[in-house]
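Q: I'd like to go over a predicted model; first the sequence, then the structure.
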Amino acid sequence: MGTPDFALKSLQTLYESGRAIAGVFTRPDKPRGRNRRVTAGPVKQFAAENGIPVFQPETLRDGQALETLKELAPEVIAVVAYGKLLPPEILSLPPRGCVNIHGSLLPKYRGAAPVQRAIMGGEKTTGVTSIFMSSELDAGDIILSKETPIADEETFGELYDRLGGMGAELLSETIDLIADGLARGAPQDHSLASFAPPISGNDEMIDWAATGDEIIRAIRALNPRPAAAAVFGGARFKIYEAKRASAAARAGAPGDVLREGGDGVEVACGDGAVIITQLQAPGGARMSARDYLLGHTLQRPASREGART
C-alpha cells in the first residue's frame, strides 16, 4: 500500500527481489502538473506496467476493501506513504502482520510530514524505521531502523529521495526477517514522541521575524514542493534558495527589502538578513534571483505600510 515516489522505491525493490506481490493499493488518480490533468501516481504506473493487480478504494472503512483483501489473502501488508489509516479489521487480517516504513527515527516525528519537519526543526540526523502497525498513528513496535546525517544545505527533495531508497532497503530486510520468523518488535518510548503534522498554507509563508537560520531551514524543507512563499509588491513569489547575509547587513524591519544585487535579494529578518538566491515569480519559471533582477525589481511585502518601489 503506497502512493508517491517514496513508496515506489519500496515496490520496485520488493518486485525485483522476486517476492510474490498479491496486489497494490494506492490512492485514487488525481489532477497533477500545471495543466491539472488526471493521471495515475507512480506506484500505480509501475504496478500496471508489471502486471500487478491495482486497487484504488476511496475508503478502507466500507467493507469492500476488506473483502478484496480477504480474496488476495496476503501474508503481510506493507504500507509506505499510503496516506490512509488502516482500520482494525484490516490491521488484524494478515497472519504475519501489517508493517510500515516511516521516514523518521521513531518515536520522533510521527505523522504526515516527517522529512520536512526534521529539516525545519534543525535536526542533524534522521532516518527510516520499520514498525508493526498498531491502531495509533506511527506508534507500533519498532522492527528495524537506519540513521543518516542531514547535510547542511540538503533540501527536502534531496533528503526525501535518499530516505525513499533507504526505506526500500529497510522494507526488504524487514520482510526477510518476517519470512524467516525472526522479526521482533520493540515498544516505542512514547514519552519521547514528537509529531509532524501536514504542511499547511501557513507553513509555506516565510515568517521574516524568525531568525535567518530558521528561515533558511524552512525554505530547504519546502524545496521543491510546495515551496516557501513570500509576498513582494503585492505578488506572491515562491522562494527556493537563500543564504545568510553578512553580519554587516543594514538594519531594517523584518520583511524589508534591503538591497537587490548580483548575489540576490537581501531581506531583513529577526536577527539580521537573508539573501534570496533562487525564486519563481507568479506565472514565471524558477530561476536565480540574479537573473530575475536583470529585468525586474522587488518591493517589501505589500502588507507593510510605506512599501518602496
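A: Thanks, I have the structure now. Numbering: from 1, shown residues only.
Q: okay, now the sheet partners of the lowest-mean-pLDDT helix or strand in the chain, with direction.
A: Across the helices and strands of the chain, mean confidence by mean pLDDT, DSSP states H and E is lowest for strand 30-32: a mean of 77. The strands beside strand 30-32 in its sheet (DSSP bridges) come out as strand 37-39 (antiparallel).
Q: quick one: the strand it pairs with to chain centroid distance?
A: Offset of strand 37-39 from its chain centre (C-alpha atoms, centre = their mean, to the nearest Å): 21 Å.
Q: contacting residues around the least confident helix or strand of the chain?
A: 37-39, 41 (C-beta atoms under 8 Å, 6 or more residues apart in numbering). For glycine as for every other residue, the C-beta is placed from the backbone atoms N, C-alpha and C.
Q: can we see that at 6 Å?
A: 38-39 (C-beta atoms under 6 Å, 6 or more residues apart in numbering).
Q: now swap in stretch 50-65 and tell me
A: 21, 23-26, 28, 44, 47-48, 68, 84, 87.
Q: one more time with 8 Å
A: 15, 21-29, 44, 46-48, 66, 68, 72, 84-87, 90.
Q: and for stretch 184-202?
A: 104, 106-114, 116-118, 131-132, 139-143, 222, 226.
Q: hmm, back to that, and the contacts of stretch 50-65, which of them are in strands?
A: 24-25 (DSSP state E).
Q: in helices, which of the contacts of stretch 50-65 appear?
A: 15, 44, 46-48, 66, 68, 72, 90 (DSSP state H).
Q: buried members of the contacts of stretch 50-65 into ChimeraX, please.
A: Buried subset of the contacts of stretch 50-65, written as a ChimeraX selection, criterion 16 or more other C-beta atoms under 10 Å:
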select :15,21,22,23,24,25,26,27,44,46,47,66,72,84,86,87,90
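Q: can you pull out the helices in the chain?
A: Under DSSP H, the chain gives helices at 5-16, 42-49, 64-72, 88-91, 114-120, 156-179, 201-204, 212-221, 289-292.
Q: most packed of those helices?
A: Across the helices of the chain, the average number of neighbours (mean count of other C-beta atoms under 10 Å) peaks for helix 114-120, which reaches a mean of 24.
Q: tell me the helices and strands packed up against that one.
A: With contacts defined as 3 or more C-beta pairs under 8 Å, 6 or more residues apart in numbering; DSSP states H and E, the packing partners of helix 114-120 are strand 125-132, helix 156-179, helix 212-221.
Q: could you list the domains of the chain?
A: 5-192, 201-292 (automatic domain parsing).
Q: the ones you listed: which one's closest to residue 298?
A: domain 201-292 (4.4 Å; C-beta to C-beta).
Q: compute the first-to-last residue distance for that closest one.
A: Domain 201-292 has an end-to-end distance of 25 Å (C-alpha to C-alpha, to the nearest Å).
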